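> I'd like to go over a predicted model; first the sequence, then the structure.
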Amino acid sequence: MSRIGKQPVAVPQGVNVTLGDSKVSVKGPKGELSLSPHAKVKVSYDSATRNIVVERPQEDRLSRSVHGLTRTLLANMVEGVTKGYERKLVVIGLGYKAEIDKKNKQKVILKLGFANAIEVVAPTGVTVEVTQIDYRMEGKKDVDKVTAVVVRGADKQMVGQYAADVRAAQPSEPYQGKGIRYDNEVVRRKEGKSKAG
């Protein structure tokens, strides 16, 4: 039996769970999410105990693998509609900038030393904010003010994917550390070439 799959998903107050034909919808203060579970698993909701239970009728390999996955996806949905998810990226480099487009608040404009600015548009359900935060680079004692792109949303997958798209515009390089990185990401630094004596 899957150790993750057999655990029920607790549904907090203020969250509504609806089981339709081959669809589970979860609605809360942060939004509404839905999931179509795999045909190999059975999802049920007990309104008395406020628990979502995922069961698998068969014991084949596919059933076992989607059992724990379905339970995790449902748990992420419940957490997403109650607390939401957030990823923070920092932009490091002289002249590197990030700003929100004045006309379209879902668009981030990145100026990363290229001839043209890079525009990354957030999908519906994901909000983006550009702010200044204190950040300490590895190997430095001082804390610097850097630009941060904060991505928020109820859908964990969408938040993570959009943050990855922003980071992919210019990942941090190992020599000077310039580029875009997650705020908790550690970039392994390399030493540059030294002059021969």
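Okay, I see it. Since we're looking at a predicted model, the values are computed, not measured.
> flag every buried residue along the longest helix belonging to the chain.
Secondary structure of the chain per DSSP state H: the longest helix is helix 61-82. Using 16 or more other CB atoms under 10 Å as the test for burial, helix 61-82 gives 63-64, 66-82. No exception for glycine: its C-beta is placed from N, CA and C like everyone else's.
> check which residues of the next helix or strand after that helix are buried.
The element immediately downstream of helix 61-82 (helix or strand, assigned by DSSP states H and E) is strand 85-92. Buried positions in strand 85-92, judged by neighbour count with 16+ other CB under 10 Å: Tyr85, Arg87, Lys88, Leu89, Val90, Val91, Ile92.
> does the helix or strand just after strand 85-92 pack against any helices or strands, and if so which?
Per DSSP H and E, the first helix or strand lying C-terminal to strand 85-92 is strand 97-100. Applying 3 or more CB pairs under 8 Å, 6 or more residues apart in numbering; DSSP states H and E, we find strand 97-100 packed against strand 107-111, strand 126-135, strand 144-153.
> need those strands in JSON lines (columns: distance to Glu191).
Below are the helices and strands packed on strand 97-100 laid out as JSON lines (distance: least, CB to CB, whole Å):
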{"stretch": "strand 107-111", "distance to Glu191": "28"}
{"stretch": "strand 126-135", "distance to Glu191": "22"}
{"stretch": "strand 144-153", "distance to Glu191": "21"}
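> nearest to Lys23, out of those strands?
strand 144-153 (20.4 Å; CB to CB).
> the closest one: which residues count as buried?
Result for strand 144-153 [16+ other CB under 10 Å]: buried residues Val146, Thr147, Ala148, Val149, Val150, Val151, Arg152, Gly153.
> ditto for stretch 129-136
In stretch 129-136, the ones that count as buried by 16+ other CB under 10 Å are Val130, Tyr135.
> can you list contacts of that stretch?
88, 90, 92, 98-100, 108, 142-150, 152, 183 (CB atoms under 8 Å, 6 or more residues apart in numbering).
> hmm, try it at 10 Å
86, 88, 90-92, 97-100, 105, 108-110, 142-152, 181, 183 (CB atoms under 10 Å, 6 or more residues apart in numbering).
> swap in stretch 164-172?
Here stretch 164-172 has contacts from 87, 89-93, 96, 98, 108, 110, 112-114, 117-123, 128, 149, 151, 178-182, 185-189, using CB under 10 Å, 6+ apart.
> pLDDT (mean, whole number) over that stretch?
Averaged over stretch 164-172, pLDDT sits at 95.
> repeat that for stretch 37-49.
92.
> then stretch 94-111?
Here the average pLDDT along stretch 94-111 is 93.
> contacts for it next, please.
89-91, 93, 112-113, 117-124, 126-131, 146-149, 151, 162, 165-166, 169-170, 176, 178-180.
> hmm, try it at 6 Å
91, 112, 117-122, 128, 130, 147, 149, 169 (CB atoms under 6 Å, 6 or more residues apart in numbering).
> of these, closest to Val11?
When the contacts of stretch 94-111 are compared against Val11 (criterion: CB to CB), the nearest one is Ala122, at 28.0 Å.
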